[in-house]
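J.: Structure of the sequence below:
(chains A, B, C and D)
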Number of protein chains: 4
Amino acid sequence: MFSTIGTLFRATTFGESHARGVGVVIDGCPAKLGLTEADIQRQLDRRRPGRSRLASEREESDRAAILSGTENGLTLGTPIGLLVLNTDQRPADYAHLSRIPRPSHADFTYQAKYGIRAASGGGRSSARETIGRVAAGAVAEKFLRERHGVEIVAWVSAVGEIDAPEADAQRIDRPAVDRTDVRCPDAETAQAMIAEITRAREAADSVGGVVTCVCRNVPAGLGEPVFGKTEALLAQAMLSIPATKGFEIGSGFAGARMRGSAHNDPFVLKAGRLGTLTNRSGGVQGGITNGEPILLRVAFKPPATIGRAQQTTDDEGRPVTLEAKGRHDPCVVPRAVPIVESMAALVLADLALIQAMRA
Amino acid sequence: MFSTIGTLFRATTFGESHARGVGVVIDGCPAKLGLTEADIQRQLDRRRPGRSRLASEREESDRAAILSGTENGLTLGTPIGLLVLNTDQRPADYAHLSRIPRPSHADFTYQAKYGIRAASGGGRSSARETIGRVAAGAVAEKFLRERHGVEIVAWVSAVGEIDAPEADAQRIDRPAVDRTDVRCPDAETAQAMIAEITRAREAADSVGGVVTCVCRNVPAGLGEPVFGKTEALLAQAMLSIPATKGFEIGSGFAGARMRGSAHNDPFVLKAGRLGTLTNRSGGVQGGITNGEPILLRVAFKPPATIGRAQQTTDDEGRPVTLEAKGRHDPCVVPRAVPIVESMAALVLADLALIQAMRA
Amino acid sequence: MFSTIGTLFRATTFGESHARGVGVVIDGCPAKLGLTEADIQRQLDRRRPGRSRLASEREESDRAAILSGTENGLTLGTPIGLLVLNTDQRPADYAHLSRIPRPSHADFTYQAKYGIRAASGGGRSSARETIGRVAAGAVAEKFLRERHGVEIVAWVSAVGEIDAPEADAQRIDRPAVDRTDVRCPDAETAQAMIAEITRAREAADSVGGVVTCVCRNVPAGLGEPVFGKTEALLAQAMLSIPATKGFEIGSGFAGARMRGSAHNDPFVLKAGRLGTLTNRSGGVQGGITNGEPILLRVAFKPPATIGRAQQTTDDEGRPVTLEAKGRHDPCVVPRAVPIVESMAALVLADLALIQAMRA
Amino acid sequence: MFSTIGTLFRATTFGESHARGVGVVIDGCPAKLGLTEADIQRQLDRRRPGRSRLASEREESDRAAILSGTENGLTLGTPIGLLVLNTDQRPADYAHLSRIPRPSHADFTYQAKYGIRAASGGGRSSARETIGRVAAGAVAEKFLRERHGVEIVAWVSAVGEIDAPEADAQRIDRPAVDRTDVRCPDAETAQAMIAEITRAREAADSVGGVVTCVCRNVPAGLGEPVFGKTEALLAQAMLSIPATKGFEIGSGFAGARMRGSAHNDPFVLKAGRLGTLTNRSGGVQGGITNGEPILLRVAFKPPATIGRAQQTTDDEGRPVTLEAKGRHDPCVVPRAVPIVESMAALVLADLALIQAMRA
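T.: Below is the predicted model of the structure:
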């Protein structure tokens, strides 16, 4: 019963691979916001597989339809229903797996939890579930951009052992990110990442990576201590994305190795307002935004579906050798970029609406 | 308005440094659980400062009183009110800071958010806020232990640049952790950590660290996809603790560097049930517990309050030099150990109650 | 942001008249429940207008499609998306009203709240919004019936000044209710009610009424003191239905006129369990169900849309005479019967799941 | 797990009769509101029993202490903890009842729900639970009055068969209400009511009644369709008060007997804004406030505790005769007046904060 995220800006997603459709209901989006299907389609297209040789080969159109909540291109303040039909279902691909819980997939745990699991695909745990998040995130982002000037940009900062040099968080934009299929803004690193993904694919293997995200122009004062601190809600949002294993804000785990005298962010005057000279805090102090850019990093494990043979067991513990036959991505981080942006937008839109009560 | 965490097992904390008291209301704790103040005091004592030369020198008694919700040592199913009076307030210590927002503290952001901030101490952002968490966590833990056999143990795995060798997650217990003041179970590393903290103190500086936590005997099937995945709620809970900057589950950021063939956890028969040979998943797959130990790590920044002079500005941007005079800890991770355990217990107790609806 | 009802069994509705569709996402429905579109269609058909000469003349098919959450006729435990497309939209009927807020409608208040209102029909405040409730209620009811044996039956107990004699709450069933168009199980009263509705229609006027509802076989122990008492959640659910003005449980307002010695329900042994001799409590004591039938009554005002001329003003306060031209029902209570049942089912399904945590 | 009410202005109550104390945590109260214990004490004193010969004879001081959330008489925006110690406990009074579930009390249902019940008094179902509500309501009311000019006044409009004439909702104030012990502003009716309560007391019996409440100067636009409609949340709030059996808004059940042409509230210009000529809607249309006074009525059953002998059974169904010996009120409605006001304030404060997000 946790298909809803948010308090005032609430997104409720539904749908699984091989169902009739996937979608989301957005409740609490402010009225009189300009909104058309094209606004949503843009991010859905960035999320879509099959756009490059780096991703899986499915050709899914993923067209979002607005079912309710707008009239003449403006939001009404009522719930916005968004639906994407599943057109490419191919349930047969997965049929032979049904007695074998795939290692590091959710087959075993869904069965343990619900006493039943979708016979085909990953069901609710598949990547298609994220369509609803991205659709809702596109709406949240539009609200944040138009009402508050917020800019959210994510990119791939690591693939396997290959790390990108630090990006300029003040300037990086989506065109720069999308310049390569791997969505790393540093051209040279991007080539190395593409080579690494290609090697993994050729080895019938997969590889993990890291997505970094910056949120600029976020007003100071967002975040609800103590359990709704900005970084706490961002951490929840990010760790709810499939395949994530870690979250950092600002200095992150590296900050744990530092001394306070080196870590503290001293205040300085910045264009008339109080800002900080450095930003090891990552835009939040005491759980509340301070007006500096929010900086976060999300770790993604290598996809669990691999073509290589794996020694595992079936449902009853009998040893089997498993080789995935279906379509699968060797690396999800390039497609995860708009998902991370969407989750950040959902959290910040919600916190911005909550903070408005104090105005 | 986020002083509450949980859906069925709900903890609502209140109180700040220099208020009359701090505490928590636990709503939804099952009835007929044995509960006395001693059950709560045990963890509060572990959280308390002033127990060793590593921590700040305040002598606070922190005695928890049960205000409601029990009769004859048994819970009634009604809300459990817990209160700890603040006895050692000393507001004067902080008075000279009131015009100067302390770097990397929450002074500036509380002012930005609320238009007012507590004149003394950190107010709600101070470490005293965590008393309510620890009190509630002690109750959650008792429920988990008695009804499900769950064991939760956290320890200090890094202080500054000093990392402890990997602990045996299956065996580590609290007596082993508490053997040293620094709460690192490896004796040799503990000495090095204590030396590092002492150096930081002598340098009027502070140092960060990492707390690792294991939760054993957690039933398979807990966690509520998609936004209430176990790791998502744990991440929220941990990042709501003051001074945290990062969270990992299982392989964490290191997992992002791996290939799928090396990362996947194959299934094996374990004492009649299906388990996994390795545990890079950290006890969760698809957001749902799989019966293996939950393994998580939390990064803490170095405390912001340091005695060394810092160049910063006052409220209006005028340059000032700041030197903290009051009591302060050079390193919070030893005291954070029971806080991390408490937050883990709160999340798991809630998920266990939610999952019960499916029984 | 209150398009969601429920804690564990959660229904999130969306859609308005003249949008592309209306629907609901049900989150938290237990897995392995048999569920097909026919299960939902049955109640939707009872809600549908145009089924008799008592209702408005629209011919709407209102076919529910299951978008997600089931496979092979069984629920998966994942969110169930349900969609009904709007096929009969006719926005022109309402165009001439756009500058005139209709008396006792929501035109004025939606404008005050959102700064915008749907140009056509009642938007989100129209009766079509209740489709999502009825669809979700049908699922909730199926769960309650199959897992707990709960029976929920509502009927029309008053139309205008015409009151039905008290029904036998232990025996009344839906076939008896549906025997007449007006859904009053007493044949003679039904004829009088039909005559009254016909008179109102002929007078280009409308008339109010009362729906009574009984829920049988509800397990003892449901309800969450203090703010989630069974009657509190039922009252919220019922007063959220369009056009409702009052709610009673058990003795209701008549109980306020009584002495305690006459009102109290003494205990008696009933087939081996403790029951009550009378049921003035209406199945709840202290907010918790006691195993006796839940009895509630809901007052509906006369529909605001009437053909008779009304003296009112336009948006700017200029006097106008208003005569509704479009389709409209002279009395909504017959159609409200399945809506009341659905809201009762949603509340009880949620409370049953919550109580399961205590098992 | 429903001891919390509200979304942004959240009150979490705790405590039962014979526990150490009762209280409330208010989370989300805006900062910089003037607040002292005297602000809270005023309404607590009006709720207190033993103030007249109409109520039970306990002498309880019920002093509220602010534990947190304010500094120098101003709210900080952090949770406000409020505590009232239980000083007059006398558990022995109730001991002989422990095997006999009192008719129309919550003894049986608490046992059914929790498997345990407080050995003494009504536990959480006793009237003392409402102290937390009244304390929180006093804070909510202060916020509404100071920031929005809202006035909330409730009074006793019926005791048993005695009905008061309709009061002037635009003018009635608390001094007029408090002029008599029975809190009915009409002097003649008040005398009749007092006589009726005295007769009930002399007959070792009890009597029910009705509380009417008006909320003036409520801004238009509050209320969150569809499940958070103003009347829906008010209905929930009122039916969560002990001993309530019914709720009406505006025309209520009488409205169900009317024709639309007589019931509709036509618009008129009122001091430059659009208002309604009549107010059968009771201040809400489509679930949203329209700026007219909110008018509601709440039915209270006669108290279940009576001195007269009752034929009932013990826990195991054996016939017994029960005569209550302890202190008890023959009529609760005079004391319920501030409780009804408090619940109205809590709902409206919450809705006002939510609506602020749209400003």
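J.: Can you list the residue ranges for helices in chain A?
T.: In chain A, the helices defined using DSSP state H lie at A:37-47, A:107-114, A:130-148, A:174-178, A:187-202, A:230-239, A:252-255, A:260-263, A:333-356.
J.: right, quick check: the first one against chain C, any contact?
T.: No. Contact check for helix A:37-47 against chain C, using CB under 8 Å from any CB of the partner chain: none in range, with a minimum separation of 10.9 Å. Using the backbone N, CA and C atoms, a C-beta is placed for each residue, glycine as well.
J.: before we move on, back to that, point out the most buried one among the helices of chain A.
T.: Of all the helices of chain A, helix A:230-239 has the most neighbours on average by mean count of other CB atoms under 10 Å in any protein chain shown, namely a mean of 30.
J.: quick check, that one touching chain B?
T.: Yes. Counting by CB under 8 Å from any CB, chain B has neighbours in helix A:230-239: A:231, A:232, A:233, A:234, A:235, A:236, A:237, A:238, A:239.
J.: Count the neighbours of residue A:20 for me.
T.: 18 (other CB atoms under 10 Å in any protein chain shown).
J.: right, I mislabeled it, should have said residue A:205
T.: Count around residue A:205 with other CB under 10 Å applied: 19.
J.: looking at it, it is touching residue B:263, isn't it?
T.: No. Using CB atoms under 8 Å, residue A:205 makes no contact with residue B:263, being 9.8 Å away.
J.: can you list residues touching both of those two?
T.: Counting by CB atoms under 8 Å, 6 or more residues apart in numbering or on different chains, the residues touching both residue A:205 and residue B:263 are residue A:302.
J.: ok, how many other residues are close to residue A:34?
T.: Neighbours around residue A:34, by other CB under 10 Å: 12.
J.: give the contact list for residue A:159.
T.: Each residue near residue A:159 by CB under 8 Å, 6+ apart is listed here: A:182, A:184, A:193, A:196, A:197, A:207, A:208, A:209, A:331, A:333.
J.: go with 6 Å
T.: Residues near residue A:159 by CB atoms under 6 Å, 6 or more residues apart in numbering or on different chains: A:193, A:196, A:209.
J.: Enumerate every residue touching the first one.
T.: Contacts were defined as CB under 6 Å, 6+ apart; by that measure residue A:193 touches A:159, A:162, A:182, A:184.
J.: Would you mind checking which of those is nearest to chain D?
T.: residue A:184 (37.3 Å; CB to the nearest CB).
J.: which bits of chain A sit near chain D?
T.: Chain A has residues A:8, A:353, A:356, A:357 near chain D, with proximity defined as CB under 6 Å from any CB of the partner chain.
J.: Quick check, the residue in the stretch 201-350 of chain A closest to chain D?
T.: Nearest residue of the stretch 201-350 of chain A to chain D, counting by CB to the nearest CB: residue A:225, 7.6 Å away.
J.: Identify the residues contacting that residue.
T.: Counting by CB under 6 Å, 6+ apart, residue A:225 has contacts A:287, B:124.
J.: Check it and give its pLDDT.
T.: Per-residue confidence (pLDDT) for residue A:225: 97.
J.: Residue A:163 - how many residues pack around it?
T.: Applying other CB under 10 Å, we find 17 residues neighbouring residue A:163.
J.: hey, what's it bridged with?
T.: Per DSSP bridges, the residues bridged to residue A:163 are residue A:158.
J.: Stretch A:212-224: which residues count as buried?
T.: Residues A:212, A:213, A:214, A:215, A:216, A:218, A:219, A:220, A:221, A:222, A:223, A:224 are the ones in stretch A:212-224 that count as buried (16 or more other CB atoms under 10 Å in any protein chain shown).
J.: taking the residues you listed one by one, which sit in strands?
T.: With strands taken from DSSP state E, the overlap with these comprises A:212, A:213, A:214, A:215, A:216.
J.: quick one: which of the residues you listed is nearest to chain C?
T.: residue A:215 (22.2 Å).
J.: That closest one against residue A:294, yeah?
T.: Yes. Using CB atoms under 6 Å, residue A:215 makes contact with residue A:294 at a distance of 4.1 Å.
J.: what comes into contact with stretch A:263-282?
T.: Contacts of stretch A:263-282 (CB under 6 Å, 6+ apart): A:249-251, A:255, A:292, A:295, B:103-104, B:301-302, B:304, B:311-313, B:317.
J.: Only the buried subset of these, as a ChimeraX command please.
T.: Entered in ChimeraX, the line below selects the buried ones among those, by 16+ other CB under 10 Å:
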select /A:249,250,251,255,292,295 /B:103,104,301,302,304,312,313
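J.: Okay, and which of the contacts of stretch A:263-282 map to strands?
T.: Of these, the ones assigned to strands by DSSP E are A:249, A:295, B:311, B:312, B:313.
J.: I'd like the residues you listed as JSON lines, with distance to chain C appended.
T.: Converted to JSON lines, the ones in strands among the contacts of stretch A:263-282 look like this (distance: CB to the nearest CB, whole Å):
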{"residue": "A:249", "distance to chain C": "26"}
{"residue": "A:295", "distance to chain C": "29"}
{"residue": "B:311", "distance to chain C": "45"}
{"residue": "B:312", "distance to chain C": "40"}
{"residue": "B:313", "distance to chain C": "39"}
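J.: From start to finish, how long is stretch A:199-207 in a straight line?
T.: End-to-end distance for stretch A:199-207, by CA to CA, to the nearest Å: 10 Å.
J.: I meant to write stretch A:300-310 there.
T.: OK, stretch A:300-310 end separation, CA to CA: 21 Å.
J.: Could you see whether chain B lies near that stretch?
T.: Yes. On the criterion CB under 6 Å from any CB, stretch A:300-310 is in touch with chain B at A:300, A:301, A:302, A:303, A:304, A:306, A:308.
J.: pLDDT value on the closest residue to residue A:10 other than its chain neighbours, please?
T.: With sequence-adjacent residues excluded and distances taken as CB to CB, 6 or more residues apart in numbering or on different chains, residue A:10 is closest to residue A:27, at 4.5 Å. What the model reports for residue A:27 is a pLDDT of 98.
J.: burial measure for residue A:27, as a count.
T.: Neighbours around residue A:27, by other CB under 10 Å: 26.
J.: Enumerate the residues of the stretch 1-150 of chain A near chain B.
T.: Going by CB under 6 Å from any CB, the residues of the stretch 1-150 of chain A near chain B are A:2, A:5, A:103, A:104, A:106, A:109, A:112, A:113, A:124, A:125.
J.: could those residues be laid out in JSON lines, adding pLDDT?
T.: Shown next, in JSON lines, are the residues of the stretch 1-150 of chain A next to chain B (pLDDT from 0 to 100):
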{"residue": "A:2", "pLDDT": "95"}
{"residue": "A:5", "pLDDT": "98"}
{"residue": "A:103", "pLDDT": "96"}
{"residue": "A:104", "pLDDT": "96"}
{"residue": "A:106", "pLDDT": "95"}
{"residue": "A:109", "pLDDT": "96"}
{"residue": "A:112", "pLDDT": "95"}
{"residue": "A:113", "pLDDT": "96"}
{"residue": "A:124", "pLDDT": "93"}
{"residue": "A:125", "pLDDT": "91"}
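J.: give the contact list for the closest residue to residue A:102 other than its chain neighbours.
T.: In space, and not counting its chain neighbours, residue A:102 is closest to residue A:304: 6.4 Å by CB to CB, 6+ apart. Applying CB under 6 Å, 6+ apart to residue A:304 gives the contacts A:104, A:105, B:264.
J.: contacting residues for the spatially most distant residue from the centre of chain A?
T.: Most distant residue from the mean C-alpha position of chain A: residue A:318, 36.2 Å away (CA atoms, centre = their mean). Residues near residue A:318 by CB under 6 Å, 6+ apart: none.
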